[in-house]
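In: here's my sequence, what's the structure:
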Amino acid sequence: RPLDAPALAALCDVFYPRVFLRRGQLAAAGTVSLTIYFHADSDEIASQKDDFVLASGRSNRFSRGYYDQSAHLWGRDGTLLASTHQLVYFKH
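Out: Below is the predicted model:
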């Protein structure tokens, strides 16, 4: 389906828990907070149509059963569509 704001918001939460990468195995994890910043306006989002987006995510710190994750979503044309920051609890 063509990209719209609700779909872009959903894509901001598409990343699998970074603790899986860190540990190399599954672990219980849950979002504590998720903040989404939309950088593109409705016309820029609509111009993406049903094309692919590039999603990149990175964790900054794992400590005391929590980690944070920052991510960016880019259109094929290089437009920064959204950025997000998430705090996640994980069972250790």
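
In: burial measure for S70, as a count.
Out: With neighbours defined by other C-beta atoms under 10 Å, the count for S70 comes to 13. Quick note: C-beta positions are derived from backbone N, CA and C, even for glycine.

In: surely it meets L87?
Out: No. Counting by C-beta atoms under 8 Å, S70 sits too far from L87 to count as a contact (10.7 Å).

In: ok, which stretches of this structure are strands?
Out: 29-38, 53-63, 66-75, 80-90 (DSSP state E).

In: once you drop chain neighbours, what's closest to the spatially most central residue of the chain?
Out: What sits nearest the mean C-alpha location of the chain, by C-alpha atoms, centre = their mean, is C12, with 3.6 Å. In space, and not counting its chain neighbours, C12 is closest to T84: 4.3 Å by C-beta to C-beta, 6 or more residues apart in numbering.

In: which ones are touching that neighbour?
Out: Residues near T84 by C-beta atoms under 8 Å, 6 or more residues apart in numbering: 12-13, 34-37, 70-73.

In: by contact count, what packs against the helix or strand bottoming out on mean pLDDT in the chain?
Out: Sorted by mean pLDDT, DSSP states H and E, the helices and strands of the chain end with helix 18-23, the least confident at a mean of 87. The contact analysis (3 or more C-beta pairs under 8 Å, 6 or more residues apart in numbering; DSSP states H and E) places helix 18-23 against strand 53-63, strand 66-75, strand 80-90.

In: would you mind writing the CA trace of stretch 77-89 as PDB?
Out: Extracted as PDB, the C-alpha positions of stretch 77-89 are listed here (Å, rounded to 0.1, in the frame of the first residue of the first chain):
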ATOM      1  CA  ASP A  77      15.200   9.400  -2.900                       C
ATOM      2  CA  GLY A  78      17.300  10.200   0.200                       C
ATOM      3  CA  THR A  79      14.500  12.000   2.100                       C
ATOM      4  CA  LEU A  80      14.700  11.600   5.900                       C
ATOM      5  CA  LEU A  81      11.100  10.500   6.600                       C
ATOM      6  CA  ALA A  82      11.300   9.900  10.400                       C
ATOM      7  CA  SER A  83      13.500   9.300  13.300                       C
ATOM      8  CA  THR A  84      12.700   7.500  16.500                       C
ATOM      9  CA  HIS A  85      14.100   6.800  20.000                       C
ATOM     10  CA  GLN A  86      13.000   3.900  22.100                       C
ATOM     11  CA  LEU A  87      13.700   2.700  25.600                       C
ATOM     12  CA  VAL A  88      13.300  -1.000  26.100                       C
ATOM     13  CA  TYR A  89      13.300  -3.300  29.200                       C
END
